[in-house]
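> Okay, here's the prediction I keep looking at, along with the sequence it came from:
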Amino acid sequence: MPDTTPILVWIRRDLRLSDHAALTKAAASGRPVIPVFIRDAGVDGLGAAPQWRMGLGIGCFAEALQDKGSRLILRSGPAREVMEALIAETGANTVYWMRAYDPESVERDTRVKTALKEAGVEAESFAGHLMFEPWTVETRQGGFYKVFTPFWREARTHQVAEPLSAPSTLKAPERWPESERLDDWQLGKAMRRGAAVVRPYVQLGEKAAHSRLGAFMASKVEHYGDHRDLPAVDGTSCLSENLALGEIGPATCWAAGKRAMEQGKAGAETFLKELVWREFAYHLMWHTPRLLEDNWREEWAAFPWNTDERKAEVKAWKQGRTGIAFVDAGMREMYVTGRMHNRVRMIVGSYLTKHLMGHWKIGQKWFEDCLIDWDPASNAMGWQWVAGCGPDAAPYFRVFNPDTQREKFDPKREYVDRWIAEGRKTPSETALSYFDAIPERWRMAPGDDYPDPVVSLDAGRDRALEAYKGRDF
């Protein structure tokens, strides 16, 4: 007789059917498969935009499962308790999931796996959120890499597994367990009126992610090496949104990039490097978890950053009202689209941590609340890199000048004009939409005067360089 005992597949940041090792193995067993998403403390702790975007992703993935004759069971509570309850309800004796790598998830998953195995339940985790498991890319001495370039040279010699096809079918159980309603979770509550503004910029779900990748490889990757630094040009893949929630796997992106490189497309290798930069962030988070919460370079502990988020200049930075156009444009782009061009992220981050002497954790926290492509490892490493206290941050005293950066990467002010309304007779629709997205309590309007700089670029640079003097970093 065939085994009809269900397998529970715990869905997390892997909202896709293809290249999903846990689903693939469960489907191949011929046994009933019950996909489950658990709203636990990790989900509840997300910032406004990432939590809202996750809710959209969960709903889209549930629809994809329905097309396969399956469904997504939603439950709330601590993961171990939820799993034990579902096992009791369904008679399942196997639980599969895709691995996570941040410290809180690792601790949670270890507790769950230990408890399940002690209860006689098969519990197995699978790779797939990364191309290389963080412990597999090692130096010749057996340690971990602290600088990107040698990490890239080593990682590119490792074989990336071919992406798996989506299961053709997922066998349903005789009786489905009860599920909570996604609408009742209200995962978008904190977005308030901003949700309607950001929603048109979302490319939701696995199909959209694959279309995005295909369009990039067909028409953009050739010039990616040059265009990726031009914020007014649609020259990047924008796949960070989908990678963050696992709506597409990195192995799928890598395979497409490799094919493009073999076809002689000039920007393909740069695209592959960007995928490996994401891997590098996870590599460092795994080996040095303090990356998420403390200075990666511990000797920066005494650096005199401002930690007061109530300061007027920090508030101006958050609101895109610093008086520095390139910085303000980036902050407004984030509020309207849920994303920010990577070149501009560096400028925005440098301005906060260097010119304003604001602690990088202020920026990290704000991005965690505002980005739909928020990723714990990439966000933390990016902020520490630009602040100077992180990995590969050489020279640590680099202070980007936003005006010269704008002249170089936005010479016609197309990007700035796209996002800043004040002082223009006919502001763009994108610039005006910022005022529809922001909290009304900010009391901002398109007809306001554009502010003078809260800190002049020369004075801010001098203050930062003075703070670096006499420090042995």
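Perfect, I can see it now. Residues are numbered from 1 along each chain as shown.
> so where is the stretch 251-400 of the chain shaky, pLDDT-wise?
Scanning the stretch 251-400 of the chain for pLDDT under 70 picks out nothing.
> Give me the neighbour count for Ala92.
For Ala92, the neighbour count with other Cβ atoms under 10 Å is 24. Quick note: C-beta positions are derived from backbone N, CA and C, even for glycine.
> show me the contacts for the residue nearest to it when sequence neighbours are not counted.
Take Ala92 and drop its neighbours on the chain: the residue closest to it by Cβ to Cβ, 6 or more residues apart in numbering is Pro6, 4.4 Å away. By Cβ atoms under 8 Å, 6 or more residues apart in numbering, the contact set of Pro6 is 31-34, 90-92, 94, 173.
> Can you pick out the ones from those residues that are in helices?
Judged by DSSP state H, the subset of those located in helices is Thr90.
> possible to save the contacts of Pro6 as CSV with distance to Leu239 and pLDDT?
Formatted as CSV, the contacts of Pro6 follow (distance: Cβ to Cβ, whole Å; pLDDT from 0 to 100):
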residue, distance to Leu239, pLDDT
Arg31, 33, 97
Pro32, 33, 98
Val33, 27, 98
Ile34, 30, 98
Thr90, 35, 98
Gly91, 39, 97
Ala92, 34, 97
Thr94, 32, 98
Pro173, 34, 97
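> For stretch 294-313, buried residues please.
295-297, 300, 303, 305, 311, 313 (16 or more other Cβ atoms under 10 Å).
> What lies in contact with that stretch?
284, 288, 290, 314-315, 322, 353, 356-362, 384, 388-391, 393, 396, 454-455, 467, 471-473.
> Confirm that Val9 sits in a helix.
No: looking at Val9 with DSSP: H, G, I helix; E, B strand; the rest coil, it is strand, so not inside a helix.
> ok, what's across the strand from it?
For Val9, the residues forming beta bridges with it (DSSP bridges) are Pro35, Tyr96.
> hang on, it packs against Thr24?
No: counting by Cβ atoms under 8 Å, Val9 does not reach Thr24; the two are 9.9 Å apart.
> Compare neighbour counts for these two and give me the winner.
Val9 (28 against 20).
> quick one: Arg153 and Phe144, what's the gap?
In this view, Arg153 and Phe144 are 15 Å apart by Cβ to Cβ, to the nearest Å.
> Give me the more crowded residue out of the two.
Ranked by neighbour count (other Cβ under 10 Å), Arg153 and Phe144 place Phe144 first, with 15 against 11.
> picking that back up, looking at the buried residues of stretch 294-313, which are in strands?
With strands taken from DSSP state E, there is no overlap with the buried residues of stretch 294-313.
> Distance to Gly225 for the residues you listed - can I get that in JSON lines?
Listed next are these as JSON lines, based on distance: Cβ to Cβ, whole Å:
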{"residue": "Asn295", "distance to Gly225": "32"}
{"residue": "Trp296", "distance to Gly225": "28"}
{"residue": "Arg297", "distance to Gly225": "30"}
{"residue": "Trp300", "distance to Gly225": "32"}
{"residue": "Phe303", "distance to Gly225": "34"}
{"residue": "Trp305", "distance to Gly225": "34"}
{"residue": "Lys311", "distance to Gly225": "39"}
{"residue": "Glu313", "distance to Gly225": "36"}
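> Mind checking which of the residues you listed are in helices?
Members of the buried residues of stretch 294-313 lying in helices (criterion: DSSP H): Glu313.
> tell me which of the buried residues of stretch 294-313 is nearest to Glu241?
Ranked by distance to Glu241 (Cβ to Cβ), these are led by Trp296 at 25.6 Å.
> on that earlier part again, for Pro2, state which of the buried residues of stretch 294-313 is nearest.
For these, the residue nearest Pro2 by Cβ to Cβ is Trp296; the value is 52.0 Å.
> Look up how far Lys117 lies from the closest one.
Using Cβ to Cβ, we find Trp296 at a distance of 34 Å from Lys117.
> What of His158?
For His158, the distance to Lys117 (Cβ to Cβ) stands at 30 Å.
> cool, Arg12 as well?
Arg12 sits 19 Å away from Lys117, going by Cβ to Cβ.
> Looking at these two, which has the bigger crowd around it?
Arg12 (23 against 13).
> Can you name the residues that contact the more buried one?
For Arg12, the contacting residues are 37, 97-98, 100, 105, 246, by Cβ under 8 Å, 6+ apart.
> Now, the residues you listed that are in helices?
In helices, judged by DSSP H, the following of the contacts of Arg12 are found: Ser105.
> I'd like the contacts of Arg12 as a markdown table, with distance to Trp419, pLDDT and neighbour count appended.
What follows is the contacts of Arg12, written out as a markdown table (distance: Cβ to Cβ, whole Å; pLDDT from 0 to 100; neighbours: other Cβ atoms under 10 Å):
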| residue | distance to Trp419 | pLDDT | neighbour count |
| --- | --- | --- | --- |
| Phe37 | 35 | 98 | 26 |
| Trp97 | 40 | 98 | 23 |
| Met98 | 36 | 98 | 23 |
| Ala100 | 34 | 97 | 19 |
| Ser105 | 35 | 97 | 17 |
| Gly246 | 30 | 98 | 23 |
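> Just the closest of the contacts of Arg12 to Cys370, please.
Checking the contacts of Arg12 against Cys370 with Cβ to Cβ, the nearest one is Gly246 at 20.7 Å.
> just checking, next helix/strand downstream of the helix or strand encompassing Asp369?
Using DSSP states H and E, the element containing Asp369 is helix 360-370. Heading C-terminal from helix 360-370, the first helix or strand you meet, by DSSP H and E, is helix 376-387.
> And the contacts of that next one?
101-102, 240, 278, 280-282, 284-285, 291-292, 295-296, 345-346, 349-350, 353-354, 360-361, 363-364, 367-368, 371, 390-393.
> relative to helix 360-370, how tilted is that helix?
Interaxial angle of helix 376-387 relative to helix 360-370 (axes from the mean of the first three to the mean of the last three Cα atoms, to 10 degrees): 140 degrees.
> Would you pull up how far helix 376-387 lies from the middle of the chain?
Its chain's C-alpha centre and that of helix 376-387 lie 11 Å apart, by Cα atoms, centre = their mean, to the nearest Å.
> Next SSE downstream of that helix?
Next along the chain after helix 376-387, taking DSSP H and E as the criterion, comes helix 402-409.
> Can you give me the buried ones in that following helix?
For helix 402-409, by 16+ other Cβ under 10 Å, it's 402, 405-406, 409.
> That helix packs against which elements?
Applying 3 or more Cβ pairs under 8 Å, 6 or more residues apart in numbering; DSSP states H and E, we find helix 402-409 packed against helix 325-337, helix 342-350.
> ok, back up a step: quickly check the contacts of Pro6 for the two that are furthest apart.
Top of the distance list for these (Cβ to Cβ): Val33 and Gly91, 13.7 Å.
> Who has more neighbours out of the two?
Remark: of Val33 and Gly91, Val33 carries more neighbours, 27 against 14, as counted by other Cβ under 10 Å.
> Counting neighbours, what do you get for Ser456?
Count around Ser456 with other Cβ under 10 Å applied: 13.
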